[in-house]
Each structure stands twice: as C-alpha cells, then as structure tokens.
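**Student:** test case, fold it:
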Amino acid sequence: MRWLAVFLFALTFSTINAGEKDKKSPDEKAKIDNALLVVPPTGGKEVKLVDWRFTLGTRRLAIDGETVTKTAAGTEYLEFRDEKSTTYQIGILTLVPISSLKKITYDREKKAVAVETLAAGGKTETLVGTTKFQGINKLTLEAEALFDGLGSATVKFQGGLEKIGLQSIAFQSPKPAAEPKGAAFIVESEEGKEKTIIKHSVQDLQPLWIVNGTYKRLPDVAFKKADKKTENIDFEKIASLKLVPMQKGKGQPYDFLITLSDGTNQTLTMQTSVELDKKKSMPFAGLIGRTSVGYKLFPPHTIKALTRVDVKKE
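**Tutor:** Residues are numbered from 1 along each chain as shown. Sure thing, here's the model as predicted:
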C-alpha cells in the first residue's frame, strides 16, 4: 500500500537509536504522557504518537475571552458533523475541544465514525456521524511515532477514508468540557428530503462573525430593511426568529419574522456579510451556542427558527 511505502521511507530516514537516551527530559516526558494511541489502516498493534498535531478537521476559536496573537490562536476544536447536522454541504458543526476527546473510532465498511468525549460533569458522551461525503468528518494527523525497540519516525495518518484511513485514535488524558451556562435556546433545523424538524438545545447562543480572518463573537445580527438600509439588532433583544418561506420566487432566502423581547415583531432579511468598506467585508459565520460537549455552530442557511427559553433555576 502506498501509505506503507511512505511510512517505511520516513522510518528509514527518521529512526533514532531507542537506547541512546534512557532518561527523558521534562518536555519529552510530557509529550509521551500526552501521546495518542492509534490503530493504523492495516490494524494490528497500537502505535504511540508524540508531538502530534491535526492539519485537517479541526479549527481554533478564541471565544472564551482568549487573546489572539500570531502564536496563540485560541482553543482547538474537532469539527464534527453528527447524524442531525442537516444534509447541506456546509451544515451544523459540533465543536468538541481536543482536550476533551477520549476516542475516535472509524467503521470503514459502514462509512461511519463515533467520537467519545468527556462531557461537562465528567460523563462520557458518544457522537455518531458519517464519513461517506467528501470533506465531512475527515482528519489529517501528523506526528512522531514511537516503535518498541526501533525508535521513532515522522508519520502522517488520515481518518475518515474508506481504505487507507485510521481505524481509531485514543487520547490518554481527556478533561471534561466546560459546563454550559447562560440563557437557553431551541434552534430548529430541517433534516433530509422529508424536511423533518430537528430541535437543538443550546445555551449562551451568540452571533459569530469572521473579523480579519478570526472568529469572534459580537453582540449584533445584521438585517436589511425594506428600504435596503442595514439595521443591527442586539441579539440579546431577540426572543424568537422564524424563517419566512419564499413564495413562488418572491421574497429573500433569509427573510425572518423577528419577535423582540418587548413583543414587537417585523420581517427583515438576515445579512450573511457586512461591507466594512469598498475592499473589505465581515462574513457572518452564524450563531454559536454552548452544549455539554463544547459548542454548536449554526450557519445562517441551517436556521429555520429559534426560541429563547427560560433558564431553569437550580
């Protein structure tokens, strides 16, 4: 297999003498303690990966008060499309902190993937999705592999591919995801040809914009009024949204009936991008809310309705 030839080539030129240093530096020990255990495409014994990084299938978000710099771009999250993420090419994303992952297992025959994660409160939750679509639930992992008695080699693995993808990835020291807090919402989406309504429960739902290439939560959602002027509405004041279907080509694809917390309502067109000047715009990524496993991101075209509900008192 091609991956095996590349793997052996890397091993030949990257192998170090395993007996050269019995004592590990603190950094080396930390890498080993944080190692991944993967079952390669051909199966067999688990391979230990150190100094690993994902180059595909994750994204970094600085949405918890983190400072974004050239060297620190926020927390890394797995981008996962579960069974109820809509049939759009760009669908609803469940964002799971890499630090909370326990195991990713691929069923290549069924083209499926299961993600075990340590949710808020320390409970294990399993997310299930498909790998049969291009670009969905795919991973690329680069690392240094350790082999008993042989040394190490720089390797690259992929997850979610039918024949040459990894069988599993195990994480050794997962930490529970943060407890979701804030106002509770129900976001509705449609699933499949029958357009079955799916209700998603989230908390602390907020608008997510792309500002200078960085994802950032901002307080407002932009709408266009009948007179073509843009109106920014504070999301905190929105009690509900409901998509207004287009009638025989009339209307706009993002027309929503908006009900504010004071009971007033109006129909406005949601803007998917705001022009800052003639050469620069600010795309609207959607609405992002907290869940027990991390976050859920709802792109504008996946939102059919949302309702703000009362937060249960403890």
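
**Student:** how close does the nearest residue to residue 62 once chain neighbours are set aside get to residue 115?
**Tutor:** Once flanking residues are discounted, residue 62 sits nearest to residue 74: 3.1 Å by Cβ to Cβ, 6 or more residues apart in numbering. From N, CA and C alone the C-beta is placed, and that goes for glycine too. Look at residue 74 and residue 115: by Cβ to Cβ, to the nearest Å, they are 21 Å apart.

**Student:** these two: who's more crowded?
**Tutor:** residue 115 (22 against 18; other Cβ atoms under 10 Å).

**Student:** am I right that that one sits in a strand?
**Tutor:** Yes: assessed by DSSP: H, G, I helix; E, B strand; the rest coil, residue 115 belongs to a strand.

**Student:** go ahead and confirm it touches residue 100.
**Tutor:** No: judged on Cβ atoms under 8 Å, residue 115 makes no contact with residue 100 at a distance of 10.1 Å.

**Student:** now the helices for the chain?
**Tutor:** Applying DSSP state H to the chain gives helices spanning 2-14, 26-33.

**Student:** show me the contacts for residue 126.
**Tutor:** 114-117 (Cβ atoms under 8 Å, 6 or more residues apart in numbering).

**Student:** out of the residues you listed, who's the most crowded?
**Tutor:** When neighbours are counted by other Cβ under 10 Å, residue 117 leads these with 28 neighbours.

**Student:** any idea how far residue 94 is from it?
**Tutor:** With Cβ to Cβ as the criterion, residue 117 and residue 94 are 9 Å apart.

**Student:** mutual contacts of those two, please.
**Tutor:** With Cβ under 8 Å, 6+ apart as the test, residue 117 and residue 94 both reach 127, 293-294.

**Student:** on that earlier part again, lowest mean pLDDT across the helices of the chain, which one is that?
**Tutor:** When these are compared on mean pLDDT, helix 2-14 scores lowest, with a mean of 40.

**Student:** from residue 301, how far off is residue 310?
**Tutor:** Separation of residue 310 from residue 301 (Cβ to Cβ) stands at 28 Å.

**Student:** repeat for residue 37
**Tutor:** 38 Å.

**Student:** where does the stretch 151-300 of the chain dip in pLDDT?
**Tutor:** Within the stretch 151-300 of the chain, the stretches with pLDDT under 70 are 248-252.

**Student:** now do the strands in it.
**Tutor:** Assigned by DSSP state E, counting those that start in this stretch, the strands in the stretch 151-300 of the chain fall at 151-159, 168-171, 184-191, 196-211, 214-217, 220-224, 230-234, 238-243, 255-260, 265-270, 273-277, 280-291, 294-298.

**Student:** mind putting those into TSV with mean neighbour count and distance to residue 81?
**Tutor:** Output for the strands of the stretch 151-300 of the chain, formatted as TSV (neighbours: other Cβ atoms under 10 Å; distance: least, Cβ to Cβ, whole Å):
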stretch	mean neighbour count	distance to residue 81
strand 151-159	19	14
strand 168-171	20	17
strand 184-191	19	12
strand 196-211	17	13
strand 214-217	17	18
strand 220-224	19	24
strand 230-234	14	29
strand 238-243	19	21
strand 255-260	18	24
strand 265-270	18	23
strand 273-277	11	23
strand 280-291	19	14
strand 294-298	25	11
